[in-house]
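Q: fold the following, please.
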Amino acid sequence: QVRLVESGGGLVQPGGSLRLSCAASGSIRSINAMRWYRQAPGKQRDLVASITTAGRTNYADSVKGRFTISRDNAKNTVYLQMNSLKPEDTAVYYCNADIAPAYSVTLRGYWGQGTQVTVSS
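A: Numbering: from 1, shown residues only. Model prediction:
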């Protein structure tokens, strides 16, 4: 069974940094794009950043220049380095990935359970 498990969230002061990790585990044939989303209370879940297998990245305008997405294909892990954090970055951050399980060639989307990031003084 394929799972995505996030870690690295927490409480940080404005201007601080956090690094989120998301590891995929289980019987996996392949992983294509990996993404980070976030959802603030009472708001929709929004795409923050994405990265392809080849390392091409894309960012929401609100995080450009502050956040960096990266991945380690050997470890089936995606990271989100968040710098210069602002109170408006407070949200639950979710990992998402397009994964083909070992028993199938068909990609499907998987989600992690989410990790809370709170930016407050």
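Q: end to end, how far does stretch 17-33 reach?
A: In stretch 17-33, first residue to last residue: 24 Å (C-alpha to C-alpha, to the nearest Å).
Q: chain center to that stretch: distance?
A: When distances are taken as C-alpha atoms, centre = their mean, to the nearest Å, stretch 17-33 is centred 8 Å away from the chain's centroid.
Q: and for stretch 72-87?
A: With C-alpha atoms, centre = their mean, you get 7 Å for stretch 72-87.
Q: ok, stretch 113-121 next?
A: So, by C-alpha atoms, centre = their mean, the centroid of stretch 113-121 is 13 Å from its chain's centroid.
Q: contact partners of it?
A: Applying C-beta atoms under 8 Å, 6 or more residues apart in numbering, the contact partners of stretch 113-121 are 4-14, 16, 18, 20, 38-39, 82, 85-94. All C-beta spots, glycine's among them, are computed from the backbone N, C-alpha and C.
Q: are any of those residues buried, and which?
A: 4, 6, 8-9, 12, 18, 20, 38, 82, 85, 89-94 (16 or more other C-beta atoms under 10 Å).
Q: mind telling me which residue is nearest the centre of the chain?
A: residue 36 (2.9 Å; C-alpha atoms, centre = their mean).
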